[in-house]
Structures are given as C-alpha cells and as structure tokens.
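S.K.: Below are the sequence and a predicted model; questions follow.
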Amino acid sequence: MGKKLLIIEDDLDLREGLHFSFAGDGYDVVVTGTKKQGIKEIQKGIYEIVLLDCNLPDGTGFELCKEVRKFSTVPMVMLTARDTEMDEIKALELGVDDYLSKPFSLGVLKARMKRILNDKIENAKIVSADILIDKNSCKVYKRKEEVSLSKLEYKLLMYLMENKNHVLSKEQILSHIWDCDGKYVDHNTLSVNISRLRTKIEDDASLPQNIKTVHGIGYIWKGD
C-alpha cells in the first residue's frame with residue numbers, strides 16, 4: 001500500500017484528475033470536497049500528506065489549516081486560484097508546508113510533495129551518541145540494535161533527546177510526560193523511571209554518559 005494522501009478539493013474535475021494521477025503513482029488516495037469532511041478525515045491520523053484547496057463550499061483552506069494545526073502536524077500543500085503574496089504569506093504562517101497557484105504544473109506539485117515527504121522521513125529520526133529514535137515506528141536503537149522500552153520510557157527518552165544540552169527541571173519533565181495524561185506523580189516516580197531508562201541505554205547505568213543528573217534541578221541529555 002502506498003503513502004496515504006488526502007485531497008480536499010471542491011472542483012470535481014480537478015479532484016478526479018488528481019485522484020487518478022496520484023493513484024497511478026502508487027498513492028493510497030482519499031478525496032473529499034468540504035472543510036468539515038476534510039477535518040474529520042485528518043482527525044483519523046492516517047494520512048501522510050494533504051492537498052488542500054483554498055476555497056471550499058463551507059469555509060476556507062486557511063480556516064481548515066488553523067483548526068488542523070491545533071491537533072496535527074500532517075504536511076499540507078495548499079492549492080489556490082488566488083495568486084496574491086498576502087495569501088501565500090498567510091498560508092505559510094498558518095502552517096501550510098507549501099503553496100501553489102492554479103493553474104499549476106502537476107510535475108512541480110509532485111516534486112514538491114516528494115520533497116516534503118522525504119523531509120518528513122528525515123525529521124522523524126533523532127540521533128545522538130549511539131542512540132537513534134525512529135518516530136515513525138516508535139522504535140529505539142542503540143548501535144543499530146533495537147532497545148525495548150515501555151511507552152513511558154520512550155516518551156521520556158524522546159523529550160530528553162529533543163532537548164539535548166538543555167537542563168530540564170523535574171517539574172518540566174513531570175508536566176510534559178505525566179500531567180498531559182491527567183496523572184499526578186511525585187519526583188520519586190521520575191527518578192525511578194530515569195534509573196530504568198539508564199539501565200537500557202547507558203553502557204554503565206552507574207556512570208551515565210547520556211542522561212546526566214543536574215543536582216537540585218533535574219536532568220540533561222548530553223549524548224557526547
């Protein structure tokens with residue numbers, strides 16, 4: 001099965017043409033023609049990229065993008081008949097990944113989508129020292145060997161690595177990892193999970209080189 005593509009376009013002829021062309025390239029394509037249905041589809045969290053028309057019968061692509069960016073980072077390319085600099089700036093500021101004016105070259109559109117998808121793959125990897133996190137598969141590797149982590153350990157490791165060389169207070173970590181689930185925990189819970197994580201990713205958990213303790217404050221990922 002190819003990459004899942006959502007097309008939100010109210011022009012039936014263009015929608016069908018895009019569907020036919022991208023399906024022929026191996027994409028798994030779903031089409032819709034309204035803002036409401038487009039948001040509903042994106043909420044499923046299954047799409048790797050979205051083609052979005054600026055003008056929809058029940059709203060604008062700008063409004064859709066603003067709502068979607070509250071819950072999703074899915075790449076979006078906006079197609080519009082309104083070729084103005086202000087519209088392009090507005091779209092990019094709202095979180096659209098690229099912007100093409102109609103009529104557009106199908107070849108250029110496909111090339112830009114390919115670039116966005118390739119960037120997404122690269123950005124889905126976090127590498128530091130001998131540890132690699134693949135956010136697409138939610139897997140962690142140490143020297144190319146997979147490390148088995150719990151969901152909580154995975155979230156903790158990713159938060160630390162995403163903030164490499166920045167001291168994270170215990171309160172920051174507790175808030176980011178636990179409070180988002182509405183669970184109250186104390187500092188001891190954090191230290192226990194840090195200890196478990198060290199045993200899995202450090203060569204010597206008693207002399208950690210990656211997850212360093214900053215006494216009286218919290219922890220820092222060095223990854224030297």
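M.R.: Okay, I see it. Residues are numbered from 1 along each chain as shown.
S.K.: how distant is the lowest-mean-pLDDT helix or strand in the chain from the center of its chain?
M.R.: Within the chain, no helix or strand scores below helix 85-94, which has a mean of 80 by mean pLDDT, DSSP states H and E. The chain centre lies 21 Å from the centre of helix 85-94; the measure is CA atoms, centre = their mean, to the nearest Å.
S.K.: Same question for stretch 76-86.
M.R.: 23 Å.
S.K.: can you tell me the helix or strand for the nearest residue to Gly45 once chain neighbours are set aside?
M.R.: Distance criterion CB to CB, 6 or more residues apart in numbering; nearest residue to Gly45, sequence neighbours excluded, is Ser72 at 7.0 Å. Where C-beta positions appear, they are placed from N, C-alpha and C, glycine not excepted. Under the criterion DSSP states H and E, no helix or strand holds Ser72.
S.K.: How many residues are close by Ser72?
M.R.: 17 (other CB atoms under 10 Å).
S.K.: again with Cys65
M.R.: 21.
S.K.: If you count neighbours, what's buried in the helix or strand encompassing it?
M.R.: Using DSSP H and E, Cys65 sits in helix 61-68. Residues of helix 61-68 classed as buried: Gly61, Phe62, Leu64, Cys65, Glu67, Val68 (neighbour count, 16 or more other CB atoms under 10 Å).
S.K.: Check the spacing between the residue nearest the centre of the chain and Arg198 real quick.
M.R.: By CA atoms, centre = their mean, the chain has its centre lying nearest to Thr73, at 4.9 Å. Using CB to CB, to the nearest Å, Thr73 is found at 30 Å from Arg198.
S.K.: got the residue ranges for the strands in this structure?
M.R.: 4-8, 28-32, 49-53, 55-56, 59-60, 76-80, 98-101, 125-128, 131-134, 139-142, 145-147, 168-169, 211-214, 218-221 (DSSP state E).
S.K.: distance of Asp204 from Asn210?
M.R.: Distance from Asp204 to Asn210, by CB to CB: 11 Å.
S.K.: Have a look at these two and say which one is more surrounded.
M.R.: More crowded of Asp204 and Asn210, by other CB under 10 Å: Asn210, with 22 against 9.
S.K.: correct me, but the more buried one touches Glu202?
M.R.: Yes. Contact criterion CB atoms under 8 Å: Asn210 and Glu202 qualify, at 6.2 Å.
S.K.: just to revisit the earlier point, switch the strands of the chain over to TSV; also include mean neighbour count.
M.R.: Shown next, in TSV, are the strands of the chain (neighbours: other CB atoms under 10 Å):
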stretch	mean neighbour count
strand 4-8	22
strand 28-32	18
strand 49-53	24
strand 55-56	18
strand 59-60	16
strand 76-80	23
strand 98-101	18
strand 125-128	14
strand 131-134	18
strand 139-142	16
strand 145-147	13
strand 168-169	16
strand 211-214	16
strand 218-221	21
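S.K.: could those strands be laid out in JSON lines, adding mean pLDDT and distance to Leu117?
M.R.: JSON lines is the format used below for these (pLDDT from 0 to 100; distance: least, CB to CB, whole Å):
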{"stretch": "strand 4-8", "mean pLDDT": "95", "distance to Leu117": "10"}
{"stretch": "strand 28-32", "mean pLDDT": "95", "distance to Leu117": "13"}
{"stretch": "strand 49-53", "mean pLDDT": "94", "distance to Leu117": "6"}
{"stretch": "strand 55-56", "mean pLDDT": "90", "distance to Leu117": "24"}
{"stretch": "strand 59-60", "mean pLDDT": "91", "distance to Leu117": "25"}
{"stretch": "strand 76-80", "mean pLDDT": "91", "distance to Leu117": "11"}
{"stretch": "strand 98-101", "mean pLDDT": "88", "distance to Leu117": "11"}
{"stretch": "strand 125-128", "mean pLDDT": "88", "distance to Leu117": "14"}
{"stretch": "strand 131-134", "mean pLDDT": "91", "distance to Leu117": "16"}
{"stretch": "strand 139-142", "mean pLDDT": "94", "distance to Leu117": "20"}
{"stretch": "strand 145-147", "mean pLDDT": "94", "distance to Leu117": "25"}
{"stretch": "strand 168-169", "mean pLDDT": "94", "distance to Leu117": "31"}
{"stretch": "strand 211-214", "mean pLDDT": "96", "distance to Leu117": "33"}
{"stretch": "strand 218-221", "mean pLDDT": "96", "distance to Leu117": "28"}
